[in-house]
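Peer 1: Provide a 3D model corresponding to the input given below.
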Amino acid sequence: MADSTRWLVIGGGSKAGVYRTCPVFPCGRSTPPLPIAIECESETEARSLYRIFQPTLSKLSPKSGPSDILTAFQHSDGIRNFFPNGTRDFYAVVIGAPAGIHRTRTGAENSKGSFAYHSYRHTQSFWEALAFMVVKGQEARMPPLLTSTELAEESHVSLEEAFDRNLHLGSSSPTLGTTTPTDSLRSSLSHDRCHDDPVSPPRYAPEADHTNPRASSSATPIVYIHVRNLSGVVSSQHHVTRPSLEATAQARRLGEDGARYVLAHGYQPSDIATIVQIYRRNDSKESFALQLAALGMALAEATYLGDLIYLDSKEYQRIIVLLNTLDMPITEVLQSPSLELRGFYIPASVLLT
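Peer 2: Take a look at the predicted model:
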């Protein structure tokens, strides 16, 4: 990709154009929202994207603020749909050299240079990356990617179809679209670090209308899934995200209910594998829950998960009766350290009781 890569610069008057290498522009909250440099996979892609942006940019004033720019971009179907959501990676570098929307993690990391407050966001939504650049990484200026009102209007389609259709910047008042786990745990960001002016208040956010319930609900961004480790939420995804084959295979060891739980709660393959190992080492859900709690999972959650994946004593007896109806003698079954039945992993010690 490196040989064919081109950089498209949008806005900025005479600075706009297609470059072989990314120009270096001043960055930080005090700089204007435009120009923005966008890394493209080829010159053809850069030219096509320029043609999509140009009609909208030509209508903007040189003094247009972030809200005006986002509103203008929002009303362009071409800009919204140029890169289908979830198909490509974008790394929006707001503090770095060069600043801009990079297409590789290496490029984003290399942009750190000597900046003390290097900041970028990883997302698979071009809209989110573009908005992050326009607002200079200020979370309070990020518009919602999908609102509860928009989902309600699409009640005739499935949730995933609604996400696929509506994952774009909403038109309601700006709010937190994506944040780090410490900023309400709503972001698919990779690295949102401190900015160059961490104490400066947002300059473009209008006052929220707390007296209008509809306005409050419509400004709420929708998270598709939280990504978790055993200690809690580490990031969030605002687009439809399928569990990996590895995660699905590991989760099946926990039975249907346990698998649905860990996959719906965004546990990653390594953490699911740890849960499975602890399950296999413990015959009681109490010890299972305590060992997970020792690794950081909330005891109440670990206990509930144990309720889902452990069979009670009556279920154990039912399984033993069922095994006795099989052609294979129970003694042969017990020669294996484990038995897989309908998705459950059942320790041999349980079958011996």
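
Peer 1: now W7, what's its secondary structure?
Peer 2: Classification of W7 by DSSP: H, G, I helix; E, B strand; the rest coil places it in strand.

Peer 1: state the pLDDT value of it.
Peer 2: Here the pLDDT value assigned to W7 is 97.

Peer 1: now swap in the one 4 residues further on and tell me
Peer 2: We note a pLDDT of 92 for G11 in this prediction.

Peer 1: show me where the stretch 151-300 of the chain has strands.
Peer 2: Applying DSSP state E, counting those that start in this stretch to the stretch 151-300 of the chain gives strands spanning 225-229, 232-237.

Peer 1: will you turn those into JSON lines that also has distance to G86?
Peer 2: Every C-beta, even on glycine, is put in place using the N, C-alpha and C of the backbone. Formatted as JSON lines, the strands of the stretch 151-300 of the chain follow (distance: least, Cβ to Cβ, whole Å):
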{"stretch": "strand 225-229", "distance to G86": "12"}
{"stretch": "strand 232-237", "distance to G86": "9"}
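
Peer 1: export these to JSON lines and tack on mean pLDDT?
Peer 2: Output for the strands of the stretch 151-300 of the chain, formatted as JSON lines (pLDDT from 0 to 100):
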{"stretch": "strand 225-229", "mean pLDDT": "89"}
{"stretch": "strand 232-237", "mean pLDDT": "84"}
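
Peer 1: and the ones you listed: which comes nearest T248?
Peer 2: Closest to T248 of those, according to Cβ to Cβ: strand 225-229, at 14.1 Å.

Peer 1: on that earlier part again, so which of the strands of the stretch 151-300 of the chain gets nearest L308?
Peer 2: Taking Cβ to Cβ, strand 225-229 is the member of those nearest to L308, at 15.9 Å.

Peer 1: related to what we said a few turns ago, ok, which of the strands of the stretch 151-300 of the chain comes nearest S114?
Peer 2: Of all those, strand 232-237 sits nearest to S114, with 27.4 Å by Cβ to Cβ.

Peer 1: which of the three states applies to the closest residue in space to K136 that isn't next to it in sequence?
Peer 2: Spatial nearest neighbour of K136, chain neighbours left out: R29 (4.8 Å); criterion: Cβ to Cβ, 6 or more residues apart in numbering. The local conformation at R29, judged by three-state DSSP, is coil.

Peer 1: roughly how far does R29 sit from A273?
Peer 2: Distance of R29 to A273, given as Cβ to Cβ, to the nearest Å: 42 Å.

Peer 1: check R260 too.
Peer 2: According to Cβ to Cβ, R260 and A273 sit 17 Å apart.

Peer 1: over to Y224?
Peer 2: Distance from Y224 to A273, counting by Cβ to Cβ: 24 Å.

Peer 1: again with L290
Peer 2: Applying Cβ to Cβ, the value for L290 to A273 is 19 Å.

Peer 1: phi, psi for I95 please.
Peer 2: The phi/psi pair for I95 (degrees, to the nearest 10) reads phi -130, psi 110.

Peer 1: same deal with T21?
Peer 2: According to degrees, to the nearest 10, T21 has phi -120, psi 150.

Peer 1: isn't it up against R6?
Peer 2: No: counting by Cβ atoms under 8 Å, T21 stays clear of R6, with 9.2 Å between them.

Peer 1: of the two, who's got more company?
Peer 2: Each of T21 and R6 has its neighbours counted (other Cβ atoms under 10 Å); R6 has more, 20 against 9.

Peer 1: and that one, bridged to which residues?
Peer 2: With DSSP bridges as the criterion, R6 is bridged to C40.

Peer 1: so where's this structure uncertain?
Peer 2: Within the chain, the segments meeting pLDDT under 70 span 1-2, 146-221, 311-353.

Peer 1: tell me which residues touch the residue lying closest to Y224 once chain neighbours are set aside, please.
Peer 2: Sequence neighbours aside, Q237 is the residue nearest to Y224 in space, at 5.1 Å (criterion: Cβ to Cβ, 6+ apart). Neighbouring residues of Q237 by Cβ atoms under 8 Å, 6 or more residues apart in numbering: S188, V223, Y224, I225, H226, V227, G266.
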